[in-house]
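> kindly return the folded structure for what I paste below:
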Amino acid sequence: TDRVMTCSFHKFGGAFFPGTGDVQDVGAGAGKNYSVNVPLRDGMDDESYQGVFRPVIQKIMDTFQPEAIVLQCGADSLTGDRLGSFNMSIRGHAACVRFVLGFERPTLVLGGGGYTICNVSRCWTYETAVALGEEPADEIPHNDYFEYYAPDFKLHVQPSNMENFNAPSYLDSIRARVLGALSELPACPSVPFHQPARDLAADDSDEEEEDPDVRISVRQADRTVEHPAELYGGAQRGGVS
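Just a heads-up that it's a prediction; the model follows:
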């Protein structure tokens, strides 16, 4: 369908699960070109990620003009994830949430992947605060799971020195292909509004507005169209239910 557009920024390549999500995977049928995939490589850092995330999301908002947004905040893109291979900080990750919320559309923010549990909880705590317009302290307060956040017991984690395999030329190419495809989409789909036809049968000027505490008249009851499969209460007809 062209009524919903999906956009995914993710690791792609080799045998990495699930093996789909290439830039040329654009949907099918009526939904062709309404599935946007941005395939990325190992070592993605905050600056590189923002360089593709912001222009692509901005283009989607300008072109598709969604009335509502579902934002999934997968935490497996954080540095140190057990399965992911990106190198993003929590602040860099949350900057994407802040950017999307800046459009002031109804937005449902969800969690997602993430396999280093202490960092997942850090990330979603901070992004919940961002959604609420708060800035929590970096010091993690004492709690039943305090030891999970050793050795520094901080909310934020520092990216590592892993190599970023997303060369500027590669990101420029992916960004250009995605933005080019979005530019070719027709104007945002819409459903024309039709004024509903007036119910002439109910437009009796000689009848007063019905009182819900008064039984309907025989004339009004005769006007009711009953399907054989419907069950009508006898009390409404003046009988016994």
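
> which residues of this protein score low on pLDDT?
Along the chain, segments meeting pLDDT under 70 span 19, 189-241.

> okay, helices next: where are they in it?
46-63, 90-101, 117-131, 168-183, 218-223 (DSSP state H).

> and the most centrally placed residue in the chain, what is it in contact with?
Of all residues in the chain, the one closest to the mean position by C-alpha atoms, centre = their mean is Val70, 1.3 Å from it. With contact taken as C-beta atoms under 8 Å, 6 or more residues apart in numbering, Val70 is in contact with Thr107, Leu108, Leu110. The way it works is simple: take the backbone N, C-alpha and C, and place the C-beta from them, glycine included.

> next, count neighbours for the second one.
Right, Leu108. Leu108 has 9 neighbours, counted by other C-beta atoms under 10 Å.

> at which residues are the strands of this structure located?
Secondary structure of the chain (DSSP state E): strands located at 6-11, 35-40, 69-72, 107-110.

> what's the burial count for Pro18?
7.

> I'd like to know how far it sits from His142.
Distance from Pro18 to His142, counting by C-beta to C-beta, to the nearest Å: 40 Å.

> and Arg122, by the same measure?
16 Å.

> neighbour count winner among those two?
For Arg122 versus His142, neighbours defined as other C-beta under 10 Å are more numerous around Arg122 (23 against 8).

> do I have it right that the more buried one meets Leu155?
Yes: between Arg122 and Leu155 there is a contact under C-beta atoms under 8 Å: 5.6 Å.

> which neighbours do the two share?
What both Arg122 and Leu155 touch, as defined by C-beta under 8 Å, 6+ apart, is the set Ile90.

> Pro159: what's it in contact with?
Asp45, Asp46, Thr79, Asn87, Met88, Ser89.

> which one of the strands of the chain is the most hemmed in?
Most buried of these by mean neighbour count (mean count of other C-beta atoms under 10 Å) is strand 35-40; its value is a mean of 20.

> what residues does that strand touch?
By C-beta under 8 Å, 6+ apart, the list of residues contacting strand 35-40 from outside reads 5-13, 21-23, 25-27, 49, 52, 56, 60, 86, 166, 174, 178, 181-182.

> then stretch 91-103?
For stretch 91-103, contacts defined as C-beta under 8 Å, 6+ apart pick out 45-47, 49-50, 53-54, 57, 61, 69, 71, 73, 75, 77-78, 107, 109, 123, 126-127, 130-131, 156.

> which of those residues are buried?
45-46, 49, 53, 57, 69, 71, 73, 75, 77-78, 109, 123, 126-127, 130-131, 156 (16 or more other C-beta atoms under 10 Å).

> quick check: bridge partners of the residue nearest to the centre of the chain?
Taking DSSP bridges as the rule, Val70 bridges to Leu108.

> can you list the helices of the chain in TSV and add distance to Phe146?
Shown next, in TSV, are those (distance: least, C-beta to C-beta, whole Å):
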stretch	distance to Phe146
helix 46-63	27
helix 90-101	18
helix 117-131	11
helix 168-183	39
helix 218-223	69
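
> out of those helices, which gets nearest to Met162?
Closest approach to Met162 among these is made by helix 46-63 (12.5 Å; C-beta to C-beta).

> now the angle between helix 90-101 and that closest one, please.
10 degrees (axes from the mean of the first three to the mean of the last three C-alpha atoms, to 10 degrees).

> off-centre distance for helix 46-63?
Put simply, helix 46-63 sits 15 Å off its chain's centre (C-alpha atoms, centre = their mean, to the nearest Å).

> do stretch 58-67 as well
Counting by C-alpha atoms, centre = their mean, stretch 58-67 comes out at 13 Å from the chain centroid.
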